[in-house]
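fold the following and give me the result.
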Amino acid sequence: MMFSFIVHVLISLFAVSNPIGNVPIFLTLTEGYTAAERKAIARKAAILSFFILAAFLFFGHLIFKLFDINIHALRVAGGIFIFGIAYNLLNAKESHVQSLHHDEHKESKEKADISVTPLSIPIIAGPGTIATVMSLSAGHSGIGHYVAVMIGIAAVIALTFLFFHYSAFISSKLGKTEMNVITRLMGLILAVVAVGMIGAGLKGMFPILTS
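I've put the predicted structure just below:
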């Protein structure tokens with residue numbers, strides 16, 4: 001049971017963060033950097049993203065209480081939001097919340113350290129990823145549950161680091177067509193996850209649906 005939940009967390013977070021699809025963005029942002037500099041930036045961005053997601057995992061319930069957020073409503077809203085990202089991925093488009101506008105890209109190139117913004121936020125630990133983590137943590141209090149989600153977060157962050165670290169190699173082996181196929185596959189998986197979140201939220205809001 002725990003193993004299947006960890007796999008569910010891993011697949012959900014991997015699909016919504018889409019590290020493979022973010023490889024071209026990382027290469028663009030680190031254009032002109034040495035391999036060692038890229039590795040250092042990828043490592044720092046990964047570490048920061050891990051702590052950001054872990055913070056929302058452990059303190060997300062405080063946000064619920066502070067803003068009087070209903071858990072089931074969060075699942076529905078988060079599912080709709082994530083489905084929007086999935087729709088863009090299914091059409092091989094960049095999500096607006098994870099892509100960079102021209103001004104943001106120009107500003108990031110002028111910064112000495114891009115590992116915080118835009119890499120950690122919003123590319124790795126973006127709104128979709130945060131919403132997924134908060135939804136996974138909603139309604140659960142057992143230590144085993146949190147450990148499972150933490151394992152999933154750590155695994156996805158580690159994979160993201162590896163994809164960024166070997167981004168030049170991956171880009172040389174995968175053409176635009178292959179990248180689009182992978183992106184659409186991630187979109188399909190993410191759409192299924194989103195529908196599941198919406199369904200769970202609706203059942204919680206309207207118990208009559210389960211009768």
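
where does Ile130 land on pLDDT?
pLDDT recorded at Ile130 is 87.

now the phi/psi pair for the closest residue to it other than its chain neighbours, please.
Counting by C-beta to C-beta, 6 or more residues apart in numbering, Phe56 is the residue found nearest to Ile130 once chain neighbours are left out, at 5.3 Å. The C-beta positions use only the backbone N, C-alpha and C, and glycine is treated the same way. The phi and psi torsions at Phe56 (degrees, to the nearest 10) take the values phi -70, psi -30.

low-confidence stretches in the protein?
Per-residue confidence for the chain (pLDDT under 70) gives these ranges: 1, 93-112, 139-141, 211.

helices along that one, start to end?
Residue ranges of the helices in the chain, as given by DSSP state H, are 2-17, 23-29, 35-66, 71-90, 102-110, 127-137, 143-165, 167-173, 176-205.

out of those, deepest packed?
helix 127-137 (a mean of 24; mean count of other C-beta atoms under 10 Å).

neighbouring contacts of that helix?
Contacts with helix 127-137, where a contact means C-beta atoms under 8 Å, 6 or more residues apart in numbering, come from 9, 12-13, 16-17, 52-53, 56-58, 60-61, 63, 74-75, 77-79, 81-82, 85, 95, 97-98, 145-146, 149, 152-153, 193, 197.

let's see it at 6 Å
Under the contact criterion C-beta atoms under 6 Å, 6 or more residues apart in numbering, helix 127-137 has outside partners 9, 12, 16-17, 53, 56-57, 60, 75, 78, 81-82, 85, 97, 149, 197.

what's the offset of it from the middle of its chain?
Between the mean C-alpha location of helix 127-137 and the chain-wide mean there is a distance of 8 Å, by C-alpha atoms, centre = their mean, to the nearest Å.

kindly report the same for stretch 188-208.
For stretch 188-208, the distance from its own C-alpha centre to the chain's C-alpha centre is 18 Å (C-alpha atoms, centre = their mean).

what does that stretch rub up against?
Around stretch 188-208, the neighbours that count as contacts under C-beta under 6 Å, 6+ apart are 12, 15-16, 72, 75-76, 78-79, 82-83, 86, 135, 209-210.

what of stretch 150-164?
Here stretch 150-164 has contacts from 6, 9-10, 13-14, 19, 23, 26, 42, 46, 49-50, 53, 124, using C-beta under 6 Å, 6+ apart.

looking at the contacts of helix 127-137, which two lie furthest apart in space?
Val97 and Val149 (21.4 Å; C-beta to C-beta).
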